[in-house]
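Asker: after the sequence you'll find the predicted model.
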Amino acid sequence: MHLDVLDLRHFYYRTRLGRAAQKAVRDRLVELWPEVKGRTVAGFGFAVPLLRPFLPDARRVIGLMPAPQGVMHWPAGMENVSVLVEETLWPLETGSVDRLVLLHGLETSENPNALLDECARVLGPGGRAVFVVPNRSGLWARRDGTPFGFGRPYSRRQLEAQVTAAGLIPERHLAALFAPPSESKFWLRFGGLAERLGQRLSRSGGGGVMLLEVSKQVPARPRTGLAERVQRPLRVLEGVPEPTAAGRNVEGQARLGLRVRPPRAG
């Protein structure tokens, strides 16, 4: 079940804990994708807080928000790029997206397999996607006071198995939100330090959320030139008589005016 867009907007833009979580996850995403110039970047769920760094350089940025969640205008003070969509039927052409981010989209989906199929459809050859999901063993998945406490948390193995079944290839793992989901002044003040220490100790686990980057690889079409050449061989020797063994086809040699020796008597 998807969360309401008003609750998500309040958490990420109105609370100190939400703004800290937004920065921590966004920094990890930018680490994965430092360059998006000329690319089409899309986000599904409530991924728009993570997309702002890509606005200046990307060819196009699109915020896809599922109908059960609701939609809001984004980015504030600029031309709107967010759109309300059906969860498994996006108004995007097949293979039109270079970079795709899911935040509060996969773990709250009622049909995650169909959602992953839609992700694979819109990604172009060599395209990349990042799934941001609650860590099953992390503290953030155990507290329902944040959006990461809703839906199905994942372990690394579970997430890899699900995306692989959709034809996507796991590439890299990162983790974020190493500080506890607390609004106390102490943790809000030292949350950045906890994030840096956590990243040094563990880059793919131990945090409140996991980031799994996947790629879409399209196999090359088989070359058909050799088969066509076999089916249609060159006729360079047409009109040339077939070779014969010595001493045979005497009549043919005589017609050509060749002197033929009679066979020796036994």
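Answerer: Looks like it came in fine. Residues are numbered from 1 along each chain as shown.

Asker: by contact count, what packs against the helix or strand harbouring Gln162?
Answerer: If you go by DSSP states H and E, Gln162 is part of helix 156-165. Packed against helix 156-165 by the contact rule (3 or more CB pairs under 8 Å, 6 or more residues apart in numbering; DSSP states H and E) you find helix 112-122, strand 123-134, strand 169-176, strand 209-215. To be clear about C-beta, it is placed using only N, CA and C from the backbone, and glycine gets the same treatment.

Asker: in TSV, list those along with mean pLDDT and mean neighbour count.
Answerer: Shown next, in TSV, are these (pLDDT from 0 to 100; neighbours: other CB atoms under 10 Å):
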stretch	mean pLDDT	mean neighbour count
helix 112-122	97	19
strand 123-134	96	22
strand 169-176	94	18
strand 209-215	97	22
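
Asker: mind checking which of these is nearest Leu102?
Answerer: Checking the helices and strands packed on helix 156-165 against Leu102 by CB to CB gives strand 123-134 as the closest, at 5.0 Å.

Asker: follow-up on the earlier one: tell me how far the helix holding Gln162 lies from the chain's centre.
Answerer: Chain-centre distance of helix 156-165: 13 Å, with CA atoms, centre = their mean, to the nearest Å.

Asker: contacts for that helix?
Answerer: Here helix 156-165 makes contact (CB atoms under 8 Å, 6 or more residues apart in numbering) with 112-113, 116, 131, 133, 136, 154, 170, 173, 204-205, 210, 212, 214.

Asker: quick one, that helix and strand 209-215 angle?
Answerer: Angle of helix 156-165 versus strand 209-215, following axes from the mean of the first three to the mean of the last three CA atoms, to 10 degrees, is 30 degrees.

Asker: which of the residues in helix 156-165 are buried?
Answerer: For helix 156-165, the neighbour count (16 or more other CB atoms under 10 Å) marks 156, 159-160, 162-163 as buried.

Asker: with just CA atoms, put it into PDB.
Answerer: The C-alpha atoms that make up helix 156-165 are tabulated as PDB, following Å, rounded to 0.1, in the frame of the first residue of the first chain:
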ATOM      1  CA  ARG A 156      20.200  -7.900  -0.100                       C
ATOM      2  CA  ARG A 157      19.600 -11.500  -1.400                       C
ATOM      3  CA  GLN A 158      15.900 -11.000  -1.700                       C
ATOM      4  CA  LEU A 159      16.200  -7.800  -3.600                       C
ATOM      5  CA  GLU A 160      18.800  -9.300  -6.000                       C
ATOM      6  CA  ALA A 161      16.700 -12.300  -6.700                       C
ATOM      7  CA  GLN A 162      13.600 -10.200  -7.500                       C
ATOM      8  CA  VAL A 163      15.300  -7.900  -9.900                       C
ATOM      9  CA  THR A 164      17.200 -10.700 -11.600                       C
ATOM     10  CA  ALA A 165      13.900 -12.500 -12.200                       C
END
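
Asker: so Val17 is in which element?
Answerer: Quick fix: residue 17 reads Leu, not Val. Under the criterion of DSSP H and E, Leu17 resides in helix 16-32.

Asker: which neighbouring elements make contact with that helix?
Answerer: Checking 3+ CB pairs under 8 Å, 6+ apart, helix 16-32 ends up next to helix 5-14, helix 48-51, strand 123-134, strand 169-176, helix 185-201, strand 209-215.

Asker: could you dump the ones you listed to a markdown table with distance to Val97?
Answerer: Formatted as a markdown table, the helices and strands packed on helix 16-32 follow (distance: least, CB to CB, whole Å):
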| stretch | distance to Val97 |
| --- | --- |
| helix 5-14 | 22 |
| helix 48-51 | 13 |
| strand 123-134 | 6 |
| strand 169-176 | 16 |
| helix 185-201 | 28 |
| strand 209-215 | 13 |
